[in-house]
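Participant: no FASTA, just this:
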């Protein structure tokens, strides 16, 4: 995860790499990431290598040796990343209640039902029931 609690949105290529790794679901080499991403747009292997290494240095990926290369995987799920972004947005909002009201006001009925269920589950967990 991002170091020092700072969550930032990913750049375009960082998002592509993270999306690919999340969808892939298992550790992968830069060669594997590059091979697939290069099918959609012209991309140098070294560019993907640099972006992947930067994501590792930022704390978003972990890596393990794989011969002369490394296998990379995200340290957080896509859902955990989304939650971190929402937490950061709430922290910088100024008036949290107004920010939450504005956020809820843009939800679909299905999202509101999911939020209510998540809040109920959270309340059960913290109350020990």
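Facilitator: Yes, it's here. In this text, all values refer to a predicted model and were calculated from it rather than measured experimentally. Numbering: from 1, shown residues only.
Participant: Not counting its own residues, what contacts the longest helix seen in the chain?
Facilitator: In the chain, taking DSSP state H as the definition, the longest helix is helix 109-127. With contact meaning Cβ atoms under 8 Å, 6 or more residues apart in numbering, helix 109-127 is reached by 104, 107. All C-beta atoms are positioned from the backbone trio N, CA, C, and that covers glycine.
Participant: I'd like to know how many residues surround residue 71.
Facilitator: Look at residue 71: counted by other Cβ atoms under 10 Å, it has 17 neighbours.
Participant: Kindly report the same for residue 78.
Facilitator: Neighbours of residue 78 (other Cβ under 10 Å): 13.
Participant: In contact with it, which residues?
Facilitator: Residue 78 touches 18, 19, 22, counting by Cβ under 8 Å, 6+ apart.
Participant: pLDDT score assigned to it?
Facilitator: pLDDT, residue 78: 94.
Participant: among the contacts of residue 78, which ones are buried?
Facilitator: residue 18 (16 or more other Cβ atoms under 10 Å).
Participant: Next, work out how far apart residue 31 and residue 46 are.
Facilitator: Going from residue 31 to residue 46 by Cβ to Cβ, to the nearest Å gives 12 Å.
Participant: So residue 61 sits against residue 54, correct?
Facilitator: No. In this structure residue 61 lies outside contact range of residue 54 using Cβ atoms under 8 Å: 9.3 Å.
Participant: higher neighbour count, those two?
Facilitator: The neighbour count for residue 61 versus residue 54, taken as other Cβ under 10 Å, is higher for residue 61 (22 against 15).
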